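# below: sequence and its predicted model.
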Amino acid sequence: MANLPKLISKTKIMQGYQCHKQLYLSVHRKELIPPVTPELQALFDQGNHVTEEARKRFPSGVLIDNPAFDFVGSLKKTRELLSAHTETIFEAAFEYKGCYARADIISYNPLTQRWIIREVKSTTKVKDEHLDDVGLQVWIMANAGLPIEKIVLMHLNPLCKYPDLRNLFVEEDITDKLRGLHTSIAPRLNEVFKSLRAEQVPAISIGEHCYRPRECQFKDHCWAENQVPDLSVFDIPTLRQKKWEFCDKGLLKLDDIPESELDHQQQIFLNVLKTGNRFIDRERIHSELAKWKFPLVFLDFETQSSAIPRFDGTGPFAQVPFQFSVHVLDSLDSELRHYEYLCNEDKDPREELTPLLIEACRGVGSVVAYYSQFEAGRIQDLEDYFPHHKEELKSIRDRLVDPLPLLREAVYDRAFRESFSIKSVGPALLGDVFDYKAMTVPDGGAAQRAYAEMVDSKTSGARREVLRNALLEYCAKDTLVMVELVKWLYKC
């Protein structure tokens, strides 16, 4: 075993809180650490953006801008600023018994001669994992000798609406909540460091901790070590907590699952996974489709979501549509009509999008959307923002129908595995030509990132054109796959 580093960051220790094996591998088997995915990088960027916004509330604050890996330099700069009684410090660094942490914002109160600790989180409420995280940090700071007055968690205010961002943050005093955790931290750390100093990797099996509070970066490695079968209990839809109960009992193989502990639908799923025989409830399908009205209007939105509100009347994480695709099918044998919109600039897209959406969806036929509650929510948002379009938009929302619940109840194919997403169902029922994997923009998260890059003023014209075409292709494919899925259902 390699020697332990002199200091271990709070971030790594929190990995140990989640799973001792995760911390051990991150320190001793660094070659197993996967590269940062675009999705994870987007989360990091979002957190940094929110923290930078929080700092604006403290204009006299001094930032310790040493690199994250410069533990010694950050500690030295912190000691200097503390000695100078600096009013507010950003990214102050502290260490105690090998544990290292940096604080988002600390402010000195000359009346009490103590410090107020503010930790910034890019969420709209305090979560349990925040208490563990901040509790550990404050424990390090207090033991390092910092006199603390109170601990505050700054999180985003769901009631804040752009353009007035004065109430963007809620400050929640969590001092009393952390007092109850304080005495448990040292014993917990002793266990974490004991496992880290061991000669062997901790013998920890897979479980819920692989995902909570966030998915472990070593999940694939550990699941391979635990010989999770290609088809396993994790592929049975709707099991939820029960899959972990089976996992804890070592029941991973499909043949090990007691059918008596499954409901009727789960038994169907299990049988399909074991036999490969597709399940279709034609009577249920025909009964539901009889309620739908032609012409069928297939609708899909792509949206952008920002932790910091950017558009009039929107709050943190509001989903603002920047693109739609609509395919209209007059009858099962008719030619498709296609309507689409994609905002080309970094601006509020709703003013342009809304009348085009209304025109594309005009009529009396059913509006088909996969997981329609998402489209319904975006249309409701537009109704609230454009009261003069309320009746026209409400007409679209009232006509929504959704193939997803029907597929969940009446169709199951082994290739779905545990997912009824359109990206699983489409290629399974219609063939590989309806797969998304090779696309430049293969999913909604990638669409958000592509759009942000496309409208960025630093992006070249050639790159913008590539991204624009990729976005149009992706959104259009979503509605085209819906068209073919619904045709497939009608022909069952």
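Yep, it's here.
# when you work out contacts or count neighbours from here on, use the C-alpha atoms and nothing else.
OK.
# so which residues of the stretch 351-492 of the chain form strands?
367-368, 400-401, 411-412 (DSSP state E, counting those that start in this stretch).
# run the chain-centre distance for the second one.
Centre-to-centre, strand 400-401 and its host chain are 26 Å apart (Cα atoms, centre = their mean, to the nearest Å).
# mind giving me the packing neighbours of that strand?
strand 367-368, helix 372-385 (3 or more Cα pairs under 8 Å, 6 or more residues apart in numbering; DSSP states H and E).
# now for the biggest helix by length in the chain, which elements pack on it?
As assigned by DSSP state H, the longest helix anywhere in the chain is helix 461-490. On a contact count with 3+ Cα pairs under 8 Å, 6+ apart, helix 461-490 meets helix 282-289, strand 296-305, strand 319-329, strand 337-342, helix 422-430, helix 444-454.
# columns distance to Asn469 and mean neighbour count on top of the ones you listed, output as JSON lines?
JSON lines is the format used below for the helices and strands packed on helix 461-490 (distance: least, Cα to Cα, whole Å; neighbours: other Cα atoms under 10 Å):
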{"stretch": "helix 282-289", "distance to Asn469": "34", "mean neighbour count": "14"}
{"stretch": "strand 296-305", "distance to Asn469": "14", "mean neighbour count": "23"}
{"stretch": "strand 319-329", "distance to Asn469": "12", "mean neighbour count": "23"}
{"stretch": "strand 337-342", "distance to Asn469": "10", "mean neighbour count": "17"}
{"stretch": "helix 422-430", "distance to Asn469": "20", "mean neighbour count": "19"}
{"stretch": "helix 444-454", "distance to Asn469": "10", "mean neighbour count": "19"}
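# domains of the protein?
The chain is divided into the following domains under automatic domain parsing: 8-197, 278-492.
# with mean pLDDT and distance to Cys222 as extra columns, can I get these in TSV?
Below are those laid out as TSV (pLDDT from 0 to 100; distance: least, Cα to Cα, whole Å):
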stretch	mean pLDDT	distance to Cys222
domain 8-197	96	9
domain 278-492	98	20
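# how about the ones you listed, which one is nearest Val233?
With Cα to Cα, the closest approach to Val233 among the domains of the chain belongs to domain 278-492: 9.4 Å.
# and the end-to-end length of the closest one?
Domain 278-492 has an end-to-end distance of 12 Å (criterion: Cα to Cα, to the nearest Å).
# buried stuff in stretch 19-26?
Under the neighbour-count criterion of 16 or more other Cα atoms under 10 Å, stretch 19-26 has 19-26 buried.
# check stretch 249-267 too.
Using 16+ other Cα under 10 Å as the test for burial, stretch 249-267 gives 251-254, 257, 262, 266-267.
# tabulate those residues (a markdown table), appending pLDDT.
Listed next are the buried residues of stretch 249-267 as a markdown table, based on pLDDT from 0 to 100:
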| residue | pLDDT |
| --- | --- |
| Leu251 | 96 |
| Leu252 | 96 |
| Lys253 | 97 |
| Leu254 | 97 |
| Ile257 | 97 |
| Leu262 | 97 |
| Gln266 | 98 |
| Gln267 | 98 |
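# from Asn271, how far out is the closest residue to Tyr412 other than its chain neighbours?
Once flanking residues are discounted, Tyr412 sits nearest to Phe279: 5.1 Å by Cα to Cα, 6 or more residues apart in numbering. According to Cα to Cα, Phe279 stands 9 Å off from Asn271.
# please, where are all the helices along the stretch 51-200 of the chain?
Assigned by DSSP state H, counting those that start in this stretch, the helices in the stretch 51-200 of the chain fall at 71-83, 128-143, 175-197.
# what residues sit buried inside the last one?
Going back to what we said before, that points to helix 175-197. Across helix 175-197, burial judged by 16+ other Cα under 10 Å covers 175, 178, 189, 192-193, 195-196.
# just the mean pLDDT for the helix or strand just after that helix, thanks.
Once the chain leaves helix 175-197, the next helix or strand it forms, by DSSP states H and E, is helix 219-225. On average, the pLDDT along helix 219-225 is 95.
# if you count neighbours, what's buried in helix 219-225?
Neighbour-count burial for helix 219-225, counted by 16+ other Cα under 10 Å, picks out Cys222.
# now stretch 349-363
Per 16+ other Cα under 10 Å, stretch 349-363 contains these buried residues: 349-350, 353-354, 356-358, 360-361, 363.
# among those, which one sits closest to Leu43?
Pro349 (23.5 Å).
# could you measure from that closest one over to Ile13?
Distance from Pro349 to Ile13, by Cα to Cα: 43 Å.
# before we move on, back to that, which members of the buried residues of stretch 249-267 occur in helices, if any?
Checking these against DSSP H, those in helices are 266-267.
# which one of the buried residues of stretch 249-267 sits closest to Pro34?
Comparing these against Pro34 with Cα to Cα picks out Leu252 as the nearest, at 25.4 Å.
# next, that closest one: phi, psi?
Main-chain torsions, Leu252, degrees, to the nearest 10: phi -100, psi -30.
# what sits against it?
Taking Cα atoms under 8 Å, 6 or more residues apart in numbering, we find Leu252 in contact with 228-229, 232-234, 246.
# also Leu63?
For Leu63, the contacting residues are 89-91, by Cα under 8 Å, 6+ apart.
# Lys121 versus the residue nearest to Tyr100 when sequence neighbours are not counted, what's the distance?
Nearest residue to Tyr100, sequence neighbours excluded (Cα to Cα, 6+ apart): Ser9, at 4.6 Å. Separation of Ser9 from Lys121 (Cα to Cα) stands at 18 Å.
# try Asp164
Separation of Asp164 from Lys121 (Cα to Cα): 20 Å.
# which of the two has more neighbours?
Set Asp164 next to Lys121 and count neighbours by other Cα atoms under 10 Å: Lys121 wins out with 21 against 11.
# could you give the bridge partners of the more buried one?
Assessed by DSSP bridges, Lys121 has beta-bridge partners His155.
# okay, the buried residues of helix 175-197 in JSON lines with distance to Phe58 next?
Below are those laid out as JSON lines (distance: Cα to Cα, whole Å):
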{"residue": "Thr175", "distance to Phe58": "21"}
{"residue": "Leu178", "distance to Phe58": "24"}
{"residue": "Leu189", "distance to Phe58": "33"}
{"residue": "Val192", "distance to Phe58": "36"}
{"residue": "Phe193", "distance to Phe58": "37"}
{"residue": "Ser195", "distance to Phe58": "41"}
{"residue": "Leu196", "distance to Phe58": "39"}
